[in-house]
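S.K.: fold the stuff below for me.
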Amino acid sequence: MTVQDLIVVGAGPSGSSTSIFASRLGMDVLILEKERKGRDKFCGGGIAYGAERFMVEKIGKEVSDTIELRIGGVVVFSPSGRELILKFSEELRKFGGLVRRSVFDSKLMEIAESEGAKLIEGKEVVGVRIDGDKVVAKARQGEEFTARYLVVATGSGDQLGEQLGIQPLGSKGTGGCWGTEVKFDVRSLMEGWKERWGIVPIFLFFGPVPSGYAWIFPKKEHLNLGIGTNLKNFKEHEKRFSSFLRKAKEMGVIPTDDIKHDRAATIPFGEVPRSKTFSSEGRAVLVGDAAGFVHPVTGEGIYGAIHGSFIAAEVLKKALDEEDPSLLKEYEERWWKEFGKDMFGYGKRIAKMLYGSSFMMEMGVKVVMCDEEASRRLGLLLAHYDEEVSRKMYERISGLSLMGLAIKSIRAPKRAEHLVSP
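M.R.: Residues are numbered from 1 along each chain as shown. Prediction:
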């Protein structure tokens with residue numbers, strides 16, 4: 001039986017990226033993907049500034065070919081209908097935009113193959129076990145594949161990590177999103193948006209769902225609409241989705257609310273990341289959604305997926321070369337230092353404040369509307385401009401006194417516009 005250096009289970013952004021980086025480091029990589037190229041995953045499809053910049057630097061410029069639409073900023077609606085318009089500077093428009101996940105994911109798979117990784121499609125891994133100094137992955141069809149190390153990139157519903165003794169995200173670390181991506185005359189919509197808001201933005205709505213938000217992301221010929229929240233609100237998703245569409249029509253974002261949701265997905269949400277993202281005994285690391293690498297405020301997961309994969313590949317290569325699986329602990333140490341403390345240390349503090357109630361969502365938007373510096377920092381957070389965006393945002397809003405917050409809240413207008421630049 002052929003023994004690979006590395007088996008990567010799952011060919012989403014994190015799995016394919018890990019394969020790209022590991023292959024470039026000289027590792028013999030096998031990717032096992034249960035679906036096939038061109039498969040779709042329900043996701044807004046937003047690629048933040050920081051995510052695309054990281055991919056261009058570490059993977060290559062061809063990744064940018066998948067960007068369908070560049071955006072000029074973000075329009076945020078409060079529960080009561082206040083409008084916060086964040087216009088991105090020229091610098092912030094250099095990277096970031098909207099993709100269709102079927103196209104984006106396929107591109108990363110193709111790059112991984114071009115770097116030497118072997119991809120087997122239609123191969124679902126249902127079990128993993130340790131065999132001496134090797135790890136064995138068993139496919140549903142009964143086939144077994146062996147490697148020195150394993151990468152688990154199977155999403156938030158991962159079960160392979162559990163077989164290696166790693167606690168799952170659980171209900172407190174899992175949320176859901178529902179929505180659709182439909183054909184639309186986006187060109188006509190953009191003309192109206194430019195006239196009203198001066199830009200072609202993405203739209204975020206606070207209020208339609210508790211502990212989360214709703215969104216509208218334009219693509220070249222499609223609109224992506226959805227809501228995301230915690231598991232407690234799963235039962236009312238149809239009612240909340242309809243309410244969101246009515247609100248979007250009322251605010252002039254879309255001309256009709258006669259749109260049905262036809263897809264859903266689970267996502268890491270709440271108590272993230274996973275309590276442990278590696279297993280020295282299991283010779284494995286978890287990446288992307290399987291590790292819980294989603295920003296607690298924005299729900300954005302591509303940045304953590306790609307950055308975490310870069311770290312994973314380097315640590316795996318070191319463990320392989322030194323024949324020491326205990327070195328996998330460096331993976332967790334590095335991702336926490338490089339992006340984890342900002343995302344999960346400060347990000348969770350902001351999320352706890354913002355998503356506590358509809359009142360807090362309204363208060364949060366009102367305060368930011370009246371504070372130009374807070375608006376700038378929020379825009380940079382949404383763009384994931386660097387690895388300090390959450391800390392800087394938290395320090396700004398936590399530094400305001402209760403009296404100051406009250407005064408800013410009272411003075412909040414119905415509409416505010418701010419330029420966001422680094």
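S.K.: any idea of the mean pLDDT for the lengthiest helix in the chain?
M.R.: Of all the elements of type helix in the chain, the one with the most residues (DSSP state H) is helix 302-321. Average pLDDT, helix 302-321: 98.
S.K.: contacts for the following helix or strand past it next, please.
M.R.: Sequence order places helix 329-335 as the next helix or strand after helix 302-321, per DSSP states H and E. The contact list for helix 329-335, computed with Cβ atoms under 8 Å, 6 or more residues apart in numbering, reads 276-278, 280, 285, 293, 307-308, 311-312, 315-316, 318. (Glycine included, C-beta is placed from N, CA and C.)
S.K.: what's the closest of these to K194?
M.R.: H307 (33.4 Å; Cβ to Cβ).
S.K.: does I202 touch F217 like I think?
M.R.: Yes. With contact defined as Cβ atoms under 8 Å, I202 and F217 form a contacting pair (5.1 Å).
S.K.: make TSV from the contacts of helix 329-335 and add distance to P413 and neighbour count to it.
M.R.: Shown next, in TSV, are the contacts of helix 329-335 (distance: Cβ to Cβ, whole Å; neighbours: other Cβ atoms under 10 Å):
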residue	distance to P413	neighbour count
K276	47	15
T277	44	25
F278	49	29
S280	55	14
V285	48	31
F293	37	30
H307	37	27
G308	40	29
I311	43	22
A312	46	31
V315	49	22
L316	52	31
K318	54	15
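S.K.: of those residues, which is the nearest to I350?
M.R.: F293 (16.8 Å).
S.K.: leaving aside the residues next to it on the chain, what's closest to the closest one?
M.R.: Once flanking residues are discounted, F293 sits nearest to G304: 3.0 Å by Cβ to Cβ, 6 or more residues apart in numbering.
S.K.: which residues in this protein form helices?
M.R.: Here the chain has its helices, by DSSP H, at 13-24, 49-58, 101-114, 160-163, 186-197, 237-250, 302-321, 329-335, 347-354, 358-369, 372-382, 389-398, 402-411.
S.K.: for the fourth one, which helices and strands make contact with it?
M.R.: Under the contact criterion of 3 or more Cβ pairs under 8 Å, 6 or more residues apart in numbering; DSSP states H and E, helix 160-163 touches strand 125-131, strand 284-286.
S.K.: contacts for the longest one, please.
M.R.: It refers to strand 125-131. Looking at what lies outside strand 125-131 - Cβ under 8 Å, 6+ apart - the contacts are 9, 32, 34, 135-140, 146, 150, 154, 160, 163-164, 281-284.
S.K.: again, but for the shortest one
M.R.: By Cβ under 8 Å, 6+ apart, the list of residues contacting strand 284-286 from outside reads 128, 135, 149-153, 158, 160-161, 164, 166, 274, 277-279, 312, 315-316, 328, 331.
S.K.: please tell me how far it is from the chain's geometric centre.
M.R.: Put simply, strand 284-286 sits 19 Å off its chain's centre (Cα atoms, centre = their mean, to the nearest Å).
S.K.: same check, this time on the first one
M.R.: In terms of Cα atoms, centre = their mean, the centre of strand 125-131 is set 27 Å apart from its chain centre.
S.K.: convert it to PDB, retaining C-alpha atoms only.
M.R.: C-alpha atoms of strand 125-131 as PDB (Å, rounded to 0.1, in the frame of the first residue of the first chain):
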ATOM      1  CA  VAL A 125     -13.900   9.500   4.300                       C
ATOM      2  CA  VAL A 126     -16.000   8.000   7.100                       C
ATOM      3  CA  GLY A 127     -13.300   6.800   9.500                       C
ATOM      4  CA  VAL A 128      -9.800   7.400  10.600                       C
ATOM      5  CA  ARG A 129      -7.500   5.400  12.800                       C
ATOM      6  CA  ILE A 130      -3.800   5.200  13.900                       C
ATOM      7  CA  ASP A 131      -1.700   2.400  12.800                       C
END
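S.K.: the domain parsing of the chain - what is it?
M.R.: Domain assignment for the chain, taken from automatic domain parsing, gives 3-37+100-169+272-347, 172-268, 353-420.
S.K.: between I202 and F217, which contacts overlap?
M.R.: When contacts are counted by Cβ under 8 Å, 6+ apart, I202 and F217 are jointly contacted by 44, 46, 98.
S.K.: count the neighbours of the closest residue to the last one other than its chain neighbours for me.
M.R.: Spelled out, that is L98. The shortest distance from L98 to any non-neighbouring residue, by Cβ to Cβ, 6+ apart, is to L69 (4.7 Å). By other Cβ atoms under 10 Å, the residues close to L69 number 18.
S.K.: and F42, by the same measure?
M.R.: 20.
S.K.: so what's it up against?
M.R.: F42 is in contact with 101, 177-179, 181, 226, 263-265, counting by Cβ under 8 Å, 6+ apart.
S.K.: re the thing from before, which one of the helices of the chain lies closest to G81?
M.R.: Judged by Cβ to Cβ, the one of the helices of the chain that comes nearest to G81 is helix 237-250, at 7.8 Å.
S.K.: centre of the chain to the closest one, how far?
M.R.: Using Cα atoms, centre = their mean, the offset of helix 237-250 from its chain centre is 23 Å.
S.K.: now swap in stretch 24-35 and tell me
M.R.: Stretch 24-35 sits 22 Å away from the centroid of its parent chain (Cα atoms, centre = their mean).
S.K.: average pLDDT across that stretch?
M.R.: 98.
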